[in-house]
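Colleague: Need a 3D model of the following:
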Amino acid sequence: MVLTEEDHTRFQAILDGLAEASNAKLVFLLDKNGQQIASCGQIDDLDLTSLASLASGTVAATQGMGQLIGEPSFSTLFHEGQEDNVHLNVVSDRMILLIIFDERSSVGLVRLRVQQQLDALAAVIDDVMAKTEKHDKIQQVPEQLGEITDEDIDTLFG
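Modeller: Sure, this is the predicted structure:
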């Protein structure tokens, strides 16, 4: 994935707004492989690498369960704890939005605010993926140029 500083800034603005609107403690965006894209909120005392890995594993396991029961996908997961709750949402089938919130918020508010931002997140993801595909095509050109011999060049310009 090719992620520019501009893309990261766009993601960060969406996450910041979502955290404020939903009263979340943490909003975290990662790809389905568990790679962190952006985050905001109370992250100082968390191991974000482990959190990202566990979140992506949870989503993968849930998708596996869905296949077993004939459900093509589960886009939203919710875990309720004694003090904190976790809301996971698959975005554009490419990324995972993770939100941790406590009693200052509710699952209904978090779900509403996420739904309001899904289109904006999807638009940025689509832009990033388009840039990545373009970058991948450009990277293939040098490999093809390596197959051109001096004889081919002489024939072309000869």
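
Colleague: quick one, strands of the protein?
Modeller: Using DSSP state E, the strands found in the chain span residues 26-31, 36-41, 76-80, 85-91, 95-101.

Colleague: could you redo those strands as TSV and give each row mean pLDDT and distance to residue 55?
Modeller: Where C-beta positions appear, they are placed from N, C-alpha and C, glycine not excepted. Shown next, in TSV, are these (pLDDT from 0 to 100; distance: least, C-beta to C-beta, whole Å):
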stretch	mean pLDDT	distance to residue 55
strand 26-31	95	6
strand 36-41	93	10
strand 76-80	95	9
strand 85-91	96	6
strand 95-101	96	5
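
Colleague: Nearest to residue 121, out of those strands?
Modeller: Closest to residue 121 of the strands of the chain is strand 85-91 (C-beta to C-beta; 5.0 Å).

Colleague: Tell me what angle that closest one forms with strand 95-101.
Modeller: Here the directions of strand 85-91 and strand 95-101 differ by 160 degrees (axes from the mean of the first three to the mean of the last three C-alpha atoms, to 10 degrees).

Colleague: what's next to strand 85-91, contact-wise?
Modeller: The contact list for strand 85-91 (C-beta atoms under 8 Å, 6 or more residues apart in numbering) reads 29, 32, 55, 58-59, 73-79, 96-102, 107, 110-111, 114, 118, 121-122, 125.

Colleague: Any idea how far the worst-scoring helix or strand of the chain on mean pLDDT is from the middle of the chain?
Modeller: Sorting the helices and strands of the chain by mean pLDDT, DSSP states H and E puts helix 150-157 at the bottom, at a mean of 76. Here the centre of helix 150-157 is set off from its chain's centre by 46 Å, with C-alpha atoms, centre = their mean, to the nearest Å.

Colleague: ok, now stretch 111-124?
Modeller: 12 Å.

Colleague: for stretch 148-158, same thing?
Modeller: When C-alpha coordinates are averaged (C-alpha atoms, centre = their mean), stretch 148-158 and its chain have centres 46 Å apart.

Colleague: can you give me the angle the longest helix anywhere in the chain makes with strand 76-80?
Modeller: Looking across the chain with DSSP state H, the single longest helix is helix 107-145. Relative orientation of helix 107-145 and strand 76-80, computed by the same axes, to 10 degrees: 130 degrees.

Colleague: Make a markdown table from the strands of the chain and add distance to residue 51 and mean neighbour count to it.
Modeller: Below are the strands of the chain laid out as a markdown table (distance: least, C-beta to C-beta, whole Å; neighbours: other C-beta atoms under 10 Å):
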| stretch | distance to residue 51 | mean neighbour count |
| --- | --- | --- |
| strand 26-31 | 7 | 23 |
| strand 36-41 | 9 | 19 |
| strand 76-80 | 12 | 13 |
| strand 85-91 | 9 | 20 |
| strand 95-101 | 7 | 23 |
